[in-house]
Structure formats: C-alpha cells, structure tokens
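1. next come a sequence and a model predicted from it.
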Amino acid sequence: MQHAVLARSGRSNPPPFLRLVAHPVRWRLLQELVHSDRAVAELTDLLVAPQSLVSYHLGQLRAGELVSMRRSSADRRDSYYRVDLARCGELFQAAGGALHPGLRLVPAPTASQSSGPRRSRRRQRVLFLCTGNSARSQMAEALLHHHSEGSVAAASAGSNPKPLHPNAVRAMTRRGIDIGANRTKHLDEFVSERFDVVITLCDRVREVCPELPSHPELVHWSMPDPALEGPTDRASYPAFERTTADIDTRIRHLLPVLAATDHLEVQP
C-alpha cells in the first residue's frame, strides 16, 4: 500500500514535447525534415495536405523550437525548414527518463562504432555539393571522413569552383583537421561515379544538380554561405565557426543513418 501511494504521488502530465510531436501531421513533418531540409511546397506535396494546414503545424513546431526556417538564397520568395536534431534528441531522451529512469534513451552507434563483422559490406559513398566547393562542402567532406574514421567514403565538389577559402581552413584547423592542401573540384568530375547519397549544402546548387546515373539518395541541407556574412575575411570568420558547428552536428546525426543502411557487396 505504501509503495502504491509513493508511485501515485510522483505522477505528472506527459512532457510538452510528447504532446507536441504526437500529432500525426507534426510527426509526418518531422519525419520528412529529418531526412532533408524542405520548402513548404515540397511538404504539402509529400503530405498531400493543404498549405494552410502544413504552415499551421510548422508554426507549432517552430514555437516549440524543434524546427527553424530560413529564406532560400536561390529564391528569396521561398523558405527552407529544418529540424533541430540535437534538441529533438535531448527531448526524446528526457521524455523516456520522465516515465522511468531505465527508459532514458542513449544515442545509436555510429558507422565506426557498430560491432560485428563488416567483411561482406562495402563503404557507402557520400558526395557533398555547394556552389564554390570552397568552404561548406569541403568542411562536410572532411568532417564525415573524420567522424566515420574512414568507414564512409566522402567527396565534395561545386557547380562553380572557387579557391579554397582561408577561413574554412582556419575553422577546420581549430578542430584538428587539416584541409589546407585540398583542391576544389567541379561536380562534372563525379557525374559518372556511383554515390549512395548526394547532399547539397547550397540552395543554388540544388537547383542545378544534375541527375546522376547511379540514382543516389538526394538530401538538402540549406546553409547560408559564411563568406557573405562580412565585408572582410576577418569579419566573416565567426560565420565559418557557426557553419562548421552546424555541419558537425548534422554529420554526427547522419552517421547512425548510414550505419543502419549499410550496403552488401555484390558477390561475383
């Protein structure tokens, strides 16, 4: 009897996070946004729902600080929505612990942490694209190689390559990764190669990305160009630090997805 009274005394309402994401439309929106940043028009097509309904629930997710929005750098009339994966992860973990301490979730293993034999599996190949291949895509390539410990093959290119930006080199050096000797490449170099995933980090390059013959999965990460954040390299450097941190977070959440979708080698 005493145990039952103690158990009942600790009851409380479900965490607001669970009530927010439990709505079917908001759950579908999150499922789409964890895959790729998307515009409202894309989300209405994917959900087969009126734009007013989609916009309302996106507003609810923004109010809960699970989703954010930024204007497209390709078409300022459009906006891209993205999910805050780090915050969602923290809230999911806390929600499990609110029900029972033993239910607090732990992060899934990354590709480099997965146990078991991998002899029959091949490395997945990921291509990162931005306009100049001078910063965002270069940093993403290096961070994926670093965090996967080489278990994922990463490459990067641009639709209009420019020299490697010195601030990209500085920001990566602060994380112990040297990209100073990297060269920038045109995406034409890779159109005939096989990739499992192609990730665009620039709204403009998404518009011109060709259809690759290997039919990779297409993902978009809508990120502003940090080089445009200040009149000088010195003034724009903080933007490179923020961009590096953003890409780093996305790469860490990409790895469990890649680990869960390893491809078997085709045996002769």
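-> Nice, I can see it.
2. which elements pack onto the helix or strand hosting Phe92?
-> When elements are assigned from DSSP states H and E, Phe92 belongs to helix 85-99. Counting contacts by 3 or more CB pairs under 8 Å, 6 or more residues apart in numbering; DSSP states H and E, helix 85-99 packs against helix 16-21, helix 24-35, helix 233-260. Using the backbone N, CA and C atoms, a C-beta is placed for each residue, glycine as well.
3. cutoff 6 Å now
-> The helices and strands touching helix 85-99, judged by 3 or more CB pairs under 6 Å, 6 or more residues apart in numbering; DSSP states H and E, are helix 16-21.
4. so which elements touch the helix it packs on?
-> Here helix 16-21 touches helix 85-99, going by 3+ CB pairs under 6 Å, 6+ apart.
5. below-threshold pLDDT in this protein: ranges please.
-> Residues of the chain that meet the criterion pLDDT under 70 lie in 1-11, 105-121, 262-268.
6. what about 80?
-> 1-12, 75-76, 97-122, 261-268 (pLDDT under 80).
7. ranges for the strands of it?
-> 38-39, 67-71, 79-83, 121-122, 125-130, 153-158, 197-200, 217-220, 263-264 (DSSP state E).
8. count the neighbours of Tyr56 for me.
-> Tyr56 has 12 neighbouring residues, counting by other CB atoms under 10 Å.
9. if we can go back for a sec, need the strands of the chain in CSV with distance to Gly180, can you?
-> As requested, the strands of the chain are exported to CSV (distance: least, CB to CB, whole Å):
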stretch, distance to Gly180
strand 38-39, 35
strand 67-71, 30
strand 79-83, 30
strand 121-122, 30
strand 125-130, 18
strand 153-158, 15
strand 197-200, 23
strand 217-220, 27
strand 263-264, 33
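10. out of those, nearest to Thr184?
-> For the strands of the chain, proximity to Thr184 was assessed by CB to CB; strand 153-158 is nearest, at 6.3 Å.
11. what sits up against the closest one?
-> Here strand 153-158 makes contact (CB atoms under 6 Å, 6 or more residues apart in numbering) with 123, 125-133, 137-138, 141, 144-145, 185, 187, 190.
12. from Val191, how far out is the nearest residue to Arg242 once chain neighbours are set aside?
-> Excluding its sequence neighbours, the residue lying closest to Arg242 (CB to CB, 6 or more residues apart in numbering) is Pro226, at 7.3 Å. With distances taken as CB to CB, to the nearest Å, Pro226 is found 27 Å from Val191.
13. comparing these two, which residue is more hemmed in?
-> Between Pro226 and Val191, counted using other CB under 10 Å, Pro226 has the larger neighbour count: 24 against 13.
14. next up, the contacts around that one.
-> Residues near Pro226 by CB under 6 Å, 6+ apart: 236, 239-240, 243.
15. and Leu66, by the same measure?
-> 84, 88.
16. also Met223?
-> Counting by CB under 6 Å, 6+ apart, Met223 makes contact with 136, 201.
17. swap in the one 4 residues further on?
-> Applying CB under 6 Å, 6+ apart to Ala227 gives the contacts 165, 236.
18. one more time with 7 Å, if that's ok
-> 135, 165, 236 (CB atoms under 7 Å, 6 or more residues apart in numbering).
19. now these in TSV, with neighbour count and distance to Leu254?
-> As requested, the contacts of Ala227 are arranged in TSV below (neighbours: other CB atoms under 10 Å; distance: CB to CB, whole Å):
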residue	neighbour count	distance to Leu254
Ala135	34	19
His165	22	23
Ser236	18	26
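20. just the closest of those residues to Arg38, please.
-> Using CB to CB, the contacts of Ala227 come closest to Arg38 at Ala135, 23.2 Å.
21. return the distance of the nearest residue to that closest one once chain neighbours are set aside relative to Glu189.
-> Distances taken as CB to CB, 6+ apart place Ala168 nearest to Ala135, at 4.0 Å, with adjacent residues excluded. Relative to Glu189, Ala168 is positioned 20 Å away (CB to CB).
22. more neighbours: which of those two?
-> Comparing Ala168 with Glu189 by other CB under 10 Å, the one with more neighbours is Ala168, at 24 against 11.
23. contact partners for the more buried one?
-> Ala168 sits next to 134-135, 138-139, 179, 240 when contact means CB under 7 Å, 6+ apart.
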